[in-house]
Every structure is written in C-alpha cells, then in structure tokens.
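[1] sequence plus predicted model, see below.
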Amino acid sequence: FPRAGERGAPPAGLEAKEYMDRGDLVPDSCVVTMVVDALDTPAAKEKGWLLDGYPRSASQADAIAKEGIEPDTFLLLDVPDDKLVERVVGRRLDPETGKIY
C-alpha cells in the first residue's frame, strides 16, 4: 500500500506522516487503521498478504485481532545477532532522497 504521506495514501497514512514529520511515534490506533485499510482491498483479499515486522507487541496483535485480522501462518526468522548488526551497520541513507539502500 502507499507509504504514509504518498499520493494515494489513505487518511490514516496522512495522519501517520504528521506524527513522523514531528519525530513522534505513530500511535497504534493509527497503524492498526492503516493495516486494516490495506488488507481490506481487492488485491489483498485476492492475492493474500504478508505483514513484515508487524505486529510488534501483544497490544498491536490484540488490536488487529479485534478487527478480524487473523493470519494463517507466522514465520519467525532466527538470525544471529552479529548478522543483524552487520545488516544494519551496512545500510546507507541517501541525503537527497532519504531512501535507505
């Protein structure tokens, strides 16, 4: 789905952008709304969906469950800490576009 603040982003995405622009965390309620909206599309219903790194807490999991979102499968990737650090340290941020590569 469109990233928060991009053209075509739903109202909750625009709200999320306001929080991020201020450097604030986006509230769970806003994120849950974005997830519910994204999964309530014809493409998600037809092709299925994958939530990468979400939910991050029991309260987020409870909130999406209350909205009727029940994943079929969960994947847990067990990666050694040194590999995770290597990946994060190797990332670069383009100062012009803000993109990470």
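    Great, that's in hand. Source: prediction; values computed, not measured. Numbers count the residues shown, from 1 in each chain.
[2] tell me where the model's unsure across the chain.
    By pLDDT under 70, the weakly predicted segments of the chain are 1-9.
[3] now with 50?
    Scanning the chain for pLDDT under 50 picks out the ranges 1-2.
[4] so how many other residues sit close to residue 59?
    Look at residue 59: counted by other Cβ atoms under 10 Å, it has 10 neighbours. Where you see a C-beta, it was placed from the backbone N, CA and C, and this is true even at glycine.
[5] give me the nearest residue to it, chain neighbours excluded.
    In this structure, residue 59 finds its nearest non-sequential neighbour in residue 28, 6.2 Å apart by Cβ to Cβ, 6 or more residues apart in numbering.
[6] repeat that for residue 19.
    The shortest distance from residue 19 to any residue other than its chain neighbours is 4.6 Å, reached at residue 26 (Cβ to Cβ, 6+ apart).
[7] what's the burial count for the one you found?
    By other Cβ under 10 Å, neighbour count at residue 26 equals 17.
[8] wait, what's in contact with the residue nearest to residue 59?
    Contacts for residue 28 (Cβ atoms under 8 Å, 6 or more residues apart in numbering) come out as 57, 59, 60, 63.
[9] number of residues surrounding residue 60?
    16.
[10] same thing with residue 67?
    13.
[11] for it, which non-adjacent residue is closest in space?
    residue 36 (4.9 Å).
[12] tell me which element that neighbour is part of?
    Assigned by DSSP states H and E, residue 36 belongs to helix 28-39.
[13] in that helix, what's buried?
    For helix 28-39, the neighbour count (16 or more other Cβ atoms under 10 Å) marks 28, 30, 31, 32, 33, 34, 35, 36, 37, 38, 39 as buried.
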